[in-house]
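Colleague: After the sequence you'll find the predicted model.
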Amino acid sequence: MVKRNITRTSLRYFEKKVRLLFGANRNKELLTFFFFIVLSFLFWILQSMNEESEKSYSIPLKFSNIPGSVVLDENVPEDIKVRIKDKGLILLSYSMNKKFSPIEVDFSVLNNQNGKYVVNEALLLSSLKKQLKLSSSILSFSPQQMNMSYTTRVNKKVPVRIKGEIRPRVQSRIADGKISISPDSVEVYASQAVIDDIDYVYTDSLHITDIADDLTKTVGVQKIKGTTIIPSNVSLYVPIEEYTEKRVSLPIEVINLPDTLNLRTFPSNIQVSFFVGLSDFKFAVADSFKVVVDYQEIKNAGGQRVPLSLSSHPKHINNVRLTPDSIEYIIEIK
């Protein structure tokens, strides 16, 4: 009951304050004044949006299909400055879109006159109108015509090299150790002085690890200042195959032993274990390996045991282990 009384008292107090605030003649006049100011401002905005106005914009240029042998001069414009007339609301919508789509200049359809590519007024005007509403008028634009000077470069075909790291997952390998690049060479266009120093190009830097299956990937060709490279992308094919473990038993061969001596090893045969790709499994046979003990090491070092070394083995094997990796021996005089 006490809480209800407190709540009623609070509401009455708040109601009294509101009446004092809006009940006073001065406050009523002030509110009326501000209301008409806001209303006038809105009418002014609406009227200005419906009136015609003018505004300038910059529209970027985009060049396409430039021949690889062509180098444009540095003074080629990057955008078109255009002044447009329309209702304020339309101009505002152009501004709120922040930017126009680039105007594409396609070199495959341009005229080449006296060593210059010419973009005439009609082509630019047509491209500009495509982005504007029908009610918009183009008052002016600059440049109205572009005469783009150029120089011709020489070209050279060079191989592509991979830059970075490409690594399969554990117990897998790149089949035959080869990554295919297609195309494996590119055409480089540059001045004679620049092109003389280019013998190959690199791909963009790569970091691809833990590859489980065959991989095909499109990568960019690293840019070189002052050149045009065609194509600018190549395709990599990385064939992956799993490793399997294999063991072979081998006799130990003695090298550099004088004819007057015999050397007996204990044991006389050892086990060689290794990982090999499935495609090479049948080729990794005992005859492909050679394990030796060098008499010169025994002579120089002495001792009861001598280390073994693997003097030859098949390609594309990994994690080769000799068991044992050293042996005991006896030297006998013939």
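Modeller: Thanks, I have the structure now.
Colleague: OK, contacts around the residue nearest to Asn111 when sequence neighbours are not counted?
Modeller: Nearest residue to Asn111 in three dimensions, chain neighbours excluded: Val118, at 5.0 Å (C-beta to C-beta, 6 or more residues apart in numbering). Just so you know, the C-beta spots here come from the backbone N, C-alpha and C atoms, and that holds for glycine as well. Shown in contact with Val118 (C-beta atoms under 8 Å, 6 or more residues apart in numbering): Leu110, Asn111, Asn112, Gln145, Met146, Asn147, Met148.
Colleague: Read off the pLDDT value for Val118.
Modeller: Confidence at Val118, expressed as pLDDT, is 86.
Colleague: do the same with Phe41
Modeller: 57.
Colleague: Pretty sure Gly226 sits against Val194.
Modeller: Yes: using C-beta atoms under 8 Å, Gly226 makes contact with Val194 at a distance of 5.1 Å.
Colleague: Now do the contacts for the residue nearest to Lys129 when sequence neighbours are not counted.
Modeller: Nearest residue to Lys129 in three dimensions, chain neighbours excluded: Ile138, at 7.1 Å (C-beta to C-beta, 6+ apart). The contact partners of Ile138, taken as C-beta under 8 Å, 6+ apart, are Val82, Arg83, Ile84, Leu125, Leu128, Lys129, Leu132.
Colleague: can we see that at 10 Å?
Modeller: Val82, Arg83, Ile84, Lys85, Leu125, Leu128, Lys129, Leu132 (C-beta atoms under 10 Å, 6 or more residues apart in numbering).
Colleague: gap between the helix or strand containing it and the chain center?
Modeller: Assessed by DSSP states H and E, Ile138 sits inside strand 137-142. The chain centroid and the centroid of strand 137-142 are separated by 40 Å under C-alpha atoms, centre = their mean, to the nearest Å.
Colleague: Report the secondary structure state of Ala193.
Modeller: What DSSP: H, G, I helix; E, B strand; the rest coil gives for Ala193 is helix.
Colleague: Ser268 touches Pro251, doesn't it?
Modeller: Yes: the pair formed by Ser268 and Pro251 meets the contact definition of C-beta atoms under 10 Å, at 6.4 Å.
Colleague: Compare neighbour counts for these two and give me the winner.
Modeller: Pro251 (12 against 9; other C-beta atoms under 10 Å).
Colleague: returning to what we had before: what sits in contact with each of Ser268 and Pro251?
Modeller: Taking C-beta under 10 Å, 6+ apart as the contact criterion, Ser268 and Pro251 have no common neighbours.
Colleague: ok, back up a step: confidence score at the residue nearest to Lys129?
Modeller: pLDDT for Ile138: 86.
Colleague: Okay, helices next: where are they in the stretch 201-334 of the chain?
Modeller: Taking DSSP state H, counting those that start in this stretch, the helices of the stretch 201-334 of the chain run over residues 295-301.
Colleague: any weak-confidence spans in it?
Modeller: Under the criterion pLDDT under 70, the flagged ranges of the stretch 201-334 of the chain are 301-303.
Colleague: at 80 what do you get?
Modeller: For the stretch 201-334 of the chain, residues meeting the criterion pLDDT under 80 lie at 226, 278-283, 297-304, 315-316, 318, 334.
Colleague: so where do the strands sit in it?
Modeller: Per DSSP state E, counting those that start in this stretch, the stretch 201-334 of the chain carries strands over the ranges 201-202, 206-211, 215-220, 228-230, 233-238, 240-255, 261-266, 269-277, 290-294, 305-307, 309-312, 317-323, 326-333.
Colleague: okay if I get the ones you listed as TSV plus distance to Leu72?
Modeller: Output for the strands of the stretch 201-334 of the chain, formatted as TSV (distance: least, C-beta to C-beta, whole Å):
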stretch	distance to Leu72
strand 201-202	22
strand 206-211	32
strand 215-220	22
strand 228-230	11
strand 233-238	22
strand 240-255	44
strand 261-266	76
strand 269-277	51
strand 290-294	63
strand 305-307	67
strand 309-312	59
strand 317-323	52
strand 326-333	70
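Colleague: Counting neighbours, what do you get for Asp280?
Modeller: Asp280: 19 neighbours (other C-beta under 10 Å).
Colleague: so how far is Val109 from it?
Modeller: 55 Å (C-beta to C-beta, to the nearest Å).
Colleague: again, but for Asn256
Modeller: 78 Å.
Colleague: With Ser182 instead?
Modeller: For Ser182, the distance to Val109 equals 31 Å [C-beta to C-beta].
Colleague: circling back to that earlier point, any idea what the residue nearest to Lys129 is bridged to?
Modeller: Beta-bridge partners for Ile138, by DSSP bridges, are Ile84.
Colleague: re earlier: Asn256 and Val109 - which one has more neighbours?
Modeller: More neighbours surround Asn256 than the other of Asn256 and Val109, with 12 against 9 (other C-beta under 10 Å).
Colleague: Now do the contacts for the more buried one.
Modeller: By C-beta under 10 Å, 6+ apart, the residues touching Asn256 are Val292, Val293, Asp294, Tyr295, Gln296, Glu297, Ile298, Lys299.
Colleague: Looks like Val254 contacts Val292 (just checking).
Modeller: Yes: counting by C-beta under 10 Å, Val292 is a contact partner of Val254 at 7.1 Å.
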